[in-house]
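# what follows is a predicted protein model with its sequence.
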Amino acid sequence: MASYGNDLTELTLGPPGVSARKARRARNNGRPSSSSATVQAFVKVSMDGTPYLRKVDVAAYDDYDELVEALNEMFCCASIGLMDGYGSWEHAVVYEDGDGDWMLVGDVPWEMFVASCKRMRVMRACEARGLSSNA
């Protein structure tokens, strides 16, 4: 009979993309940090048509393009994009701000988005067109 002893390995699961963020942070270690504490801004993300939610640390990304790329990987999709009035994307990303208003991701500067985002939703682009400030 095999003996396992006291040497057990703990399995820790994180949200998708954790290894990519760790690699990016390791790559950026040479760059001085603006604060000594790492800022985390976890928000829930839902996608129309999927029965599950994901949680994303929006502060771990540098800009909207990285965030959208991660959402495409997360939901196994290649049709999520920013609504710029000209895109032919099938899905658009909207977020709820501190006032409870739903806004298109990309309509405000990145730092303001990270500070005010409470949750996100990936929805059909045709439904999101009414939210656009420039469509």
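Done, it's in.
# where in this protein is pLDDT low?
When the per-residue scores of the chain are filtered using pLDDT under 70, the ranges that remain are 1-39, 84-87, 130, 132-135.
# all strands of it, in order?
Listed in chain order, the strands found in the chain under DSSP state E are 42-47, 53-57, 80-81, 91-96, 102-104, 119-124.
# list the buried ones in the second one?
Within strand 53-57, the residues that qualify as buried by neighbour count (16 or more other C-beta atoms under 10 Å) are 54, 56-57. Any C-beta I mention is one placed from the backbone N, CA and C, and that applies to glycine too.
# and the residues you listed, which is closest to residue 117?
residue 56 (9.4 Å; C-beta to C-beta).
# the closest one contacts residue 47, correct?
No - with contact taken as C-beta atoms under 8 Å, residue 56 and residue 47 are classed as non-touching, separated by 11.7 Å.
# distance to residue 101 added to the buried residues of strand 53-57, as TSV?
As requested, the buried residues of strand 53-57 are arranged in TSV below (distance: C-beta to C-beta, whole Å):
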residue	distance to residue 101
54	22
56	20
57	22
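# which one among the residues you listed gets closest to residue 43?
Proximity of the buried residues of strand 53-57 to residue 43 was ranked by C-beta to C-beta; the top entry is residue 56 with 6.0 Å.
# excluding its backbone neighbours, what's nearest that closest one?
Excluding the flanking residues, the one nearest residue 56 by C-beta to C-beta, 6 or more residues apart in numbering is residue 45, at 5.3 Å.
# on that earlier part again, how about TSV for the strands of the chain, with distance to residue 70 added?
Compiled in TSV, the strands of the chain are given as follows (distance: least, C-beta to C-beta, whole Å):
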stretch	distance to residue 70
strand 42-47	10
strand 53-57	7
strand 80-81	10
strand 91-96	11
strand 102-104	18
strand 119-124	11
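# compare those and give me the one nearest residue 73.
Evaluated with C-beta to C-beta, these place strand 80-81 nearest to residue 73, the distance being 9.8 Å.
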